[in-house]
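S.K.: have a look at this fold, sequence not included:
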């Protein structure tokens, strides 16, 4: 997993003919907070120099296009039975908790990518299969090619989430990236897994689906005041998200034997993501 421990944001100001302009830059490091701060200051000066030279090119809106580690705060470190790090819980840019792990395969399938096909009988009677049925049938066909693999299949608001339970994966191995592509997982998700060397699953609802605004500040926070604002947002968001579920267990494919290491991650996922029959968000 390419998530890093230390992030720092520094702010500055630049006076240009159009007037004063606020600047901000972030730095990161797995070594120390001071190393992250040094990088942030260096990047701030590079940004300042580019502006003075007349360059105002926007940064990429694709958060991992340049291979940088994801700019997310590590909320919890989960260790396995051997004491090694098995998963990390992070808070993403819009405030949801995300499960990151490099040994348990999570596959996301969006309904929009699997338009239901009209069969002879559905044409005759004027009926069409649902997006869920079409996507589930596709997942079953692909899973059947490797019958020794077992999957848990969850319904999300906009698609399906599959978890491979009978084998350990390795996010650094191109084979598992090929598996994601074979199932038809979202290309952006596949690129993210490949770039960050981890599989991901959102554990808590998207705030706008709960009729709640996104946080206005981005990690890392430049001051204690900014952190306090975000913590207040998180408190309200968590209270509201109790009324929703992120996904719902739909079915299983293949053998039901689960590896112990996978079972611990699945239990963690279910504790956060499942919430009975409450609305999906």
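M.R.: Sure thing, it's come through. All values reported here derive from a predicted model rather than from experimental measurement.

S.K.: how is this protein carved up into domains?
M.R.: Annotated domains of the chain cover 1-59, 70-273 [automatic domain parsing].

S.K.: measure the last one end to end?
M.R.: This stretch, domain 70-273, spans 22 Å end to end (CA to CA, to the nearest Å).

S.K.: the domains of the chain: lowest mean pLDDT?
M.R.: Ranked by mean pLDDT, the domains of the chain end with domain 1-59 at the bottom, a mean of 86.

S.K.: one step back: could I get the domains of the chain in a markdown table, plus columns for mean neighbour count?
M.R.: Where C-beta positions appear, they are placed from N, C-alpha and C, glycine not excepted. Putting the domains of the chain into a markdown table (neighbours: other CB atoms under 10 Å) gives the following:
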| stretch | mean neighbour count |
| --- | --- |
| domain 1-59 | 14 |
| domain 70-273 | 17 |
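
S.K.: JSON lines for those domains, including distance to residue 281?
M.R.: JSON lines is the format used below for these (distance: least, CB to CB, whole Å):
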{"stretch": "domain 1-59", "distance to residue 281": "25"}
{"stretch": "domain 70-273", "distance to residue 281": "4"}
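
S.K.: between those, which one is closest to residue 279.
M.R.: When these are compared by CB to CB, domain 70-273 sits nearest residue 279, at 5.4 Å.

S.K.: who's in contact with residue 40?
M.R.: Going by CB atoms under 8 Å, 6 or more residues apart in numbering, residue 40 touches 8-10, 25-27.

S.K.: then residue 84?
M.R.: Going by CB under 8 Å, 6+ apart, the list of residues near residue 84 is empty.

S.K.: which of the contacts of residue 40 fall in strands?
M.R.: 8-10, 25-27 (DSSP state E).

S.K.: and the furthest pair within those residues?
M.R.: 8 and 25, at 9.2 Å, using CB to CB across these.

S.K.: which of the contacts of residue 40 lies closest to residue 81?
M.R.: For the contacts of residue 40, the nearest to residue 81 is residue 8 (34.0 Å; CB to CB).

S.K.: what's near enough to touch the closest one?
M.R.: By CB under 8 Å, 6+ apart, the residues touching residue 8 are 26-28, 33, 36-37, 39-40, 220.

S.K.: what does stretch 162-178 contact?
M.R.: 1, 102-107, 109, 139, 143, 148-154, 179, 183, 190, 193-194, 196-199, 201, 254-259, 261-263, 266, 269.

S.K.: what about those residues, which are in strands?
M.R.: Going by DSSP E, the strands hold 106-107, 109, 151-154, 199, 201 from those.

S.K.: can you tell me the centre-most residue of this structure?
M.R.: By CA atoms, centre = their mean, the chain has its centre lying nearest to residue 200, at 4.8 Å.

S.K.: helices and strands around the strand or helix carrying residue 20, which ones?
M.R.: If you go by DSSP states H and E, residue 20 is part of strand 19-29. Here strand 19-29 touches strand 6-16, helix 33-52, going by 3 or more CB pairs under 8 Å, 6 or more residues apart in numbering; DSSP states H and E.

S.K.: tell me the angle that strand makes with strand 6-16.
M.R.: 160 degrees (axes from the mean of the first three to the mean of the last three CA atoms, to 10 degrees).

S.K.: strand partners of strand 19-29, parallel vs antiparallel please.
M.R.: Under the criterion DSSP bridges, strand 19-29 sits next to strand 6-16 (antiparallel) in its sheet.

S.K.: so where do the helices sit in the stretch 101-250 of the chain?
M.R.: Ranges of helices in the stretch 101-250 of the chain, per DSSP state H, counting those that start in this stretch, are 120-125, 131-143, 174-183, 187-196, 224-241.

S.K.: out of those helices, nearest to residue 250?
M.R.: With CB to CB, the closest approach to residue 250 among the helices of the stretch 101-250 of the chain belongs to helix 131-143: 7.3 Å.

S.K.: run through who's touching the closest one.
M.R.: Helix 131-143 has contacts (CB under 8 Å, 6+ apart) with 109, 111-117, 129, 149, 151, 153, 155, 159-160, 162, 182-184, 250-251, 253-254.
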